[in-house]
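Engineer: Just a sequence and a predicted model for now, questions to come.
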Amino acid sequence: MPRTCIRFLRRGEVVELRDVEPDETLLEYLRLREGSMGTKEGCAEGDCGACTVVLGRRDGDRVRYEPVNACIYLLGMVDGRELVTVEDLSAPGEALHPVQAALIDHHGSQCGFCTPGFVMSLFALYHQGRAADRAGVNDWLAGNLCRCTGYRPIADAALASCTGRADDAFSRRSARTAAALASVDGEDDLFVGDEERFFAAPRSAASLSDLYLRHPDATLVTGATDVALWITKQLRRLPRVIHLGRVRELLRIDREGATLVLGAAVSYADAEEALGAVHPDIAEVLRRLGSKQIRAAGSVGGNVANGSPIGDTPPPLIALGAELELRRGDEVRRLALEDFFVDYGRQDRRPGEFVSRLFVPRLEPGQHFSCHKISKRFDQDISALLGAFRLSVSAGRVVDARIAFGGMAATPRRALRCEAALTGLRLRSPEAWRPAQDALDRDFRPIDDMRASATYRAGVAKALLAKALLEAGGTPRSETRVVGAEAERA
Amino acid sequence: MAAVMKPRDPDVTYSQVGTRPKRPDGVDKVTGRARYGADVSAPGMLIGKVLRSPHAHARIRGIDTSRAEALEGVKAVVTRDDFPGLDELPDGGGEEVLVDVACNVMAREKALYEGHAVAAVAATSARIAKRALGLIEVDYEVLPHVTDVDAAMAPGAPVLHETMFTRGVEPAPSEPSNVAERSEIVQGDVAEGFAQADVIVERDFRTEAAHQGYIEPHACMASMSEDGSAEMWVCTQGHYSVRDMCAQILGLPLSRLRVTASEIGGGFGGKTTVFIEPTALALSMKSGRPVKIVMDRDEVFRASGPTSSASISMKIGATRDGRITAAEGELRYQGGAFRGSPVPFGAECCFALYDTANVHLTCYDVVVNRPKQAAYRAPGAPMASFAVESVLDEIALELDMDPIELRLRNAVKEGSKSIYGPSFGPVGMVETLEEARDHENYQAPLAARQGRGVATGFWPNYGGETSVTLNVNTDGTVLLSLGTPDIGGSRASMCLMAAEELGVPYERVRAIIADTNALSFNATTGGSRVTHSAGMATVQAARNAIDNMRGRVAEMWGIDAEAVEWEDGYARPSGSNAGDFEPMSFAEIAALSSQTGGPIAGHAEINAAGAGNSFGTHVVDVEVDDQTGAVSVLRYLVVQDAGRAIHPSYVEGQYQGGAAQGVGWALNEEYIYGEDGTLQNPGFLDYRMPVASDLPMIDTVIVEVPNPGHPYGVRGVGETPIVPPLAAVANAVARATGRRLTELPMSPPRILAALSESAEAG
């Protein structure tokens, strides 16, 4: 029998909720049901970070703290976690938490509306076990907007308080919290509601496939970082929600020979190291995807399954030759990732079928890889375009090319004509690259929207190709990098 | 009678003013305890939601609310029919025309922009209220629209108001148009000035509308009682103005409406007027229950008050040795669907910094199908300064002259006549330029594709009506009641000034923002007026309390009050002739108050004059990526005259915050309208404000040239920091790339296009 209530840890107590609307957000719960008004709503779409709360997740006998946007986090997804909000960091009459005290000492709060979100992001950073530097602070604060300060006093507060040595009530009771979380997060399936309206979080792939076959119209979520906007912005009701974030098999990161096997529910944050080992550019793309809050919730599998033409992970995965595993009932099939994207908003996925795993091959010797994200703003922005290049080079010539772009067509897609034009090309003869660059015009008719014009996209795509060729030819990356320049400087 | 106060001896050092204590509202803000607009509720409270026009311009033929009213949980629906007619309104007066405000909060004959309110619902939950909005049927006759300022001025443009005939034109036009007003600033003879010039540069500029971008959406709660009096809880920069506008729009006497200002999550000028507040009150009147309305973020973008977009032509001439001989410009600002764009401020500010004999600026206040603009930090000034400071940079390049040197040769000084009339007193224009020139950032080496930009900015600063009460408690603590919502740390600054006057420690003084019933009138927090005006009122209230205490001590000692002086928190005999008495401390006198005549308080109700003008110089270094057009800001320096920094950290906070907003406006922020006149980017996802990695650690230098019109020498500091960044960044980009961008924002696609143009041309 599945469990029929969600359970989470809150202020040292186990909270059990039986009345959970499938599309109820964590922020609604906090403000409307719990009456905790410290967590603010600034945008209801995960951009401003005023609603940032921290979730504690068991990691052995310790607890790992991650920030999420409560406005686009579904209440049911809190199951099995410790929920920490701004009200919890210091008790009345006791000293303020070090990050709170530092924000006051450095005058990091002006109007103060964004402050609870910054406090929680800094609280998570405080618990990372590494002293913060300015680049790291920027990364941890990319999901928090402040309009008053220009960020300097907040960064100063972060540098002063996040020294790598956590010593607060949370670190001191970490082992106890971990034990409590172990008892909260059982091995049972979770199903709250009835057949008409439910929030479900199966624990195994088998339970998931059974449930989804019974309810092929249910909405699947891992982090709900996109789906929650249907609720908050489009005002849609989602009667049946299946959360993949508890499915054991979908949370695994494995290797099969030289191939990385990534479960579909592995969060961006958890995937960063493994994908970064394939190539650092992928880690850099992940680092700039959304914010810490988004990356703690959302998943690579969700980014792929969602099928957006501007998803950040499909182009590098396609360029690497990644494959996708889909499961429906007991039936499992595997296909090349580029074949999954059929058309705008349409993927090769049947009713009741779900993305279960991704297979990412390692780069072979002689293969040069690079990946560039172009957006108006460096951090926390939607890509205008994203180009990924895998060039196999032998004796100064391109012998094989796999190139994929996002933002250039209705789906993430390979540049087949360009790839063909590149084959046999000498890397040391930039004057001979022109045909391959021009081939991009035949491969794509880029979209024209407010994020970038078609002309801009087409022009920058060619510039990125030239960079990839330069880099493959041995020109030092530091001089040719388009993106990541900030990170390298820092 | 306007209040003027002479400064204390400028050589006196202060024990508290100029220190950096923690803010009194700090703990509540970091613990989540501070209560903002959306954080309160009341028994029986309903949630209000507003139905907004999907059309940029449409006649409203009819509104059928019957299906919405029938929905279970809906307690009230209001439309234009629930508001008193515009002809019943008292004559507006004040800064805004009341008829326009009333028309903006609820559309009457026409919806004038996408997002214009046409109806509102109060229901038992937000979800029901939203569903009810979908049941309201509005019969629109869609009309042609115009959202661009130049297009709105062109012959044949769709006309928004059939009754709008351009003011300031002789003879008065016979046809209505979208130009509300034409005005001029004329000084000297520009033709003669240009004849003396060795170099003349003329350019056209365009800036897009930017939003203040406060993180807290507008929120309010209104509660109407059976006896016809009402209470409101509002996030606003001016709760008195909310009271006055709501009461007048709905026909209540001012005594029947009590407004409390919540903690405010940013305003920057955008919360100086009303949008949802009269509607919440109307819904409460109709339902008999408290009603809360909180805007969604997309409503904030579509239907609050972003700033104007502008189209500007600017021509400046100078001699070979860098003397500006003449300036001629045309400023065209759209103010949204109603008159009142800040174009006159733009004209006043952009040439106030320079001692220029011949200036001719022509201003056009234009209406378009966009939301009614509201103030945004130094309203109107950044766009005009973008034009002037860009042209000056080109002149400096052409003359091969350092851009700071060029400005020093023209900078106004004490005694210079300002372009808008009065002559300047002591001002810090020259000092800010010299500090910027001597700062290490100005010497830092630059690499390829990097450039350094300089620009200056001005804001006149304001005073205005202000009331303050200072209560002396028997335990020797002090409570200040202020009527100016605190958007930049003013509670801390007022506590510092009160503590300095009284001679008590800062920690013993607490300040609150009192409601509209507790104090007499207070003008809105805005225009960089509060530290000056409320500061002056606080000082007067403190001196008033001190006089009261001196009188009591004199009575105890049996001497004249004049023979008791106040020094460092003690009442002392003023000299040996006054007698030999042990000085009494503030706390001792406070403790004896019940025996010496009862409670002690000081108060001040003033109309503050003597605001000191504000000048600033910014220096920015950027790097331009010639492959993508992306601009990184490497260094940023703000130098500004604060007169006297009461709390230097909060002065620096204003400098940094204004610069950050200006950088966003320069590089990425913009209102993007579709062909259909609808806003394409009404969210933080596509309205790109700077995040932490977009900005360097912004450096600041506080210059202090005391303002003789304030007891501590204060000059307001909030507005000026947003004035120079637009041009400073553009000048840096021009020097990094050799291409001058005259259209904002300088987003990557626009920069790349400019670079490829120059590649093709060159």
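Structural biologist: Right, received. Where do you want to start?
Engineer: interface residues of the stretch 301-450 of chain A facing chain B?
Structural biologist: With Cβ under 8 Å from any Cβ of the partner chain as the criterion, the stretch 301-450 of chain A comes near chain B at residues A:374, A:376-382, A:384, A:450. Glycine gets a C-beta too; all of them are placed from N, C-alpha and C.
Engineer: out of those residues, which are buried?
Structural biologist: Listed as buried from those are A:374, A:376-382, A:384; burial here means 16 or more other Cβ atoms under 10 Å in any protein chain shown.
Engineer: For those, give me TSV that also has secondary structure and pLDDT.
Structural biologist: Supplementary listing: those in TSV, determined by DSSP: H, G, I helix; E, B strand; the rest coil; pLDDT from 0 to 100:
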residue	secondary structure	pLDDT
A:Ile374	strand	91
A:Lys376	coil	82
A:Arg377	coil	82
A:Phe378	coil	82
A:Asp379	coil	84
A:Gln380	coil	83
A:Asp381	coil	86
A:Ile382	coil	85
A:Ala384	coil	89
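Engineer: who's in contact with the residue in the stretch 201-350 of chain A that chain B sits nearest to?
Structural biologist: Of all residues in the stretch 201-350 of chain A, A:Leu235 sits closest to chain B, at 5.7 Å by Cβ to the nearest Cβ. Contacts were defined as Cβ atoms under 8 Å, 6 or more residues apart in numbering or on different chains; by that measure A:Leu235 touches B:Lys130.
Engineer: before we move on, what SS does it have?
Structural biologist: The three-state assignment at A:Leu235 reads coil, by DSSP: H, G, I helix; E, B strand; the rest coil.
Engineer: Would you check how far apart it and B:Asp64 are?
Structural biologist: Applying Cβ to Cβ, to the nearest Å, the value for A:Leu235 to B:Asp64 is 21 Å.
Engineer: What of B:Leu433?
Structural biologist: For B:Leu433 relative to B:Asp64 (Cβ to Cβ), the value is 63 Å.
Engineer: out of these two, which sits in the busier spot?
Structural biologist: B:Leu433 (25 against 14; other Cβ atoms under 10 Å in any protein chain shown).
Engineer: what helix or strand does that one sit in?
Structural biologist: In this structure, B:Leu433 is located in helix B:429-438 according to DSSP states H and E.
Engineer: I'd like to know which elements the helix or strand following that helix is packed against.
Structural biologist: Of the helices and strands lying after helix B:429-438 in sequence (DSSP H and E), the nearest is strand B:450-459. Applying 3 or more Cβ pairs under 8 Å, 6 or more residues apart in numbering or on different chains; DSSP states H and E, one finds that strand B:450-459 makes contact with helix B:343-350, helix B:381-399, helix B:403-408, helix B:429-438, strand B:614-624, helix B:725-737.
Engineer: between those, which gets nearest to chain A?
Structural biologist: Closest of these to chain A is strand B:614-624, at 8.6 Å (criterion: Cβ to the nearest Cβ).
Engineer: The closest one - what's its average pLDDT?
Structural biologist: Looking at strand B:614-624 alone, the average pLDDT works out to 98.
Engineer: Which elements pack onto that strand?
Structural biologist: Strand B:614-624 packs on helix B:429-438, strand B:450-459, strand B:631-641, helix B:648-667, helix B:725-737, going by 3+ Cβ pairs under 8 Å, 6+ apart.
Engineer: Quick one: work out the angle between the last one and strand B:450-459.
Structural biologist: Computed by axes from the mean of the first three to the mean of the last three Cα atoms, to 10 degrees, the angle separating helix B:725-737 from strand B:450-459 equals 160 degrees.
Engineer: try the first one
Structural biologist: Counting by the same axes, to 10 degrees, helix B:429-438 lies at 160 degrees to strand B:450-459.
Engineer: Can you list the buried residues in helix B:429-438?
Structural biologist: Within helix B:429-438, the residues that qualify as buried are B:429-437, counting by 16+ other Cβ under 10 Å.
Engineer: so what's the residue nearest to the spatial centre of chain A up against?
Structural biologist: Residue closest to the mean C-alpha point of chain A, counted by Cα atoms, centre = their mean, is A:Arg295 at 3.2 Å. Taking Cβ under 8 Å, 6+ apart as the definition of contact, the neighbours of A:Arg295 are A:267-269, A:272, A:286, A:289.
Engineer: are any of those residues buried, and which?
Structural biologist: When these are checked for burial by 16+ other Cβ under 10 Å, the buried set is A:267-269, A:272, A:286, A:289.
Engineer: Same list, the residues you listed, but as TSV with secondary structure please.
Structural biologist: Written out in TSV, the entries for the buried ones among the contacts of A:Arg295 read as follows (three-state DSSP):
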residue	secondary structure
A:Ser267	strand
A:Tyr268	helix
A:Ala269	helix
A:Glu272	helix
A:Leu286	helix
A:Leu289	coil
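Engineer: Check which helices and strands the helix or strand of chain B with the lowest mean pLDDT sits against.
Structural biologist: Confidence across the helices and strands of chain B bottoms out at helix B:748-761, with a mean of 83, counting by mean pLDDT, DSSP states H and E. Judged by 3+ Cβ pairs under 8 Å, 6+ apart, the packing partners of helix B:748-761 are helix A:454-472, helix B:725-737.
Engineer: closest one to B:Ile215 among those helices?
Structural biologist: Counting by Cβ to Cβ, B:Ile215 lies closest to helix B:725-737 out of the helices and strands packed on helix B:748-761; the figure is 20.1 Å.
Engineer: Can I get that closest one in PDB? Just the C-alpha atoms.
Structural biologist: The C-alpha trace of helix B:725-737 is given here as PDB (Å, rounded to 0.1, in the frame of the first residue of the first chain):
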ATOM      1  CA  PRO B 725      25.400  55.700 -16.100                       C
ATOM      2  CA  LEU B 726      23.600  55.700 -19.400                       C
ATOM      3  CA  ALA B 727      26.100  58.000 -21.100                       C
ATOM      4  CA  ALA B 728      29.000  56.800 -19.000                       C
ATOM      5  CA  VAL B 729      28.500  53.200 -20.300                       C
ATOM      6  CA  ALA B 730      27.900  54.400 -23.900                       C
ATOM      7  CA  ASN B 731      31.000  56.500 -23.800                       C
ATOM      8  CA  ALA B 732      33.000  53.600 -22.500                       C
ATOM      9  CA  VAL B 733      31.600  51.400 -25.300                       C
ATOM     10  CA  ALA B 734      32.400  54.100 -27.900                       C
ATOM     11  CA  ARG B 735      36.000  54.300 -26.600                       C
ATOM     12  CA  ALA B 736      36.300  50.400 -26.500                       C
ATOM     13  CA  THR B 737      35.000  49.900 -30.100                       C
END
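Engineer: Flag every residue of the stretch 101-250 of chain B that's near chain A.
Structural biologist: Along the stretch 101-250 of chain B, the residues adjacent to chain A under the rule Cβ under 8 Å from any Cβ are B:130, B:212-217.
Engineer: which of the residues you listed sit farthest apart?
Structural biologist: Farthest pair in these, by Cβ to Cβ: B:Lys130 and B:Gln212, 25.6 Å.
Engineer: Tell me which of those two has more neighbours.
Structural biologist: It is B:Gln212, of B:Lys130 and B:Gln212, that has more neighbours when counted by other Cβ under 10 Å, with 21 against 16.
Engineer: My guess is the more buried one contacts B:Gly270. True?
Structural biologist: Yes: the pair B:Gln212 and B:Gly270 qualifies as a contact (Cβ atoms under 8 Å) at a distance of 3.7 Å.
Engineer: so what's in contact with those two at the same time?
Structural biologist: In contact with both B:Gln212 and B:Gly270: B:306, B:374, B:376, using Cβ under 8 Å, 6+ apart.
Engineer: show me the contacts for B:Asp39.
Structural biologist: B:Asp39 is in contact with A:37, B:262, counting by Cβ under 8 Å, 6+ apart.
Engineer: give me that answer again for 7 Å
Structural biologist: For B:Asp39, the residues meeting the contact criterion (Cβ atoms under 7 Å, 6 or more residues apart in numbering or on different chains) are A:Met37.
Engineer: Distance check, it against B:Gly267.
Structural biologist: Spatial separation of B:Asp39 from B:Gly267 under the definition Cβ to Cβ is 17 Å.
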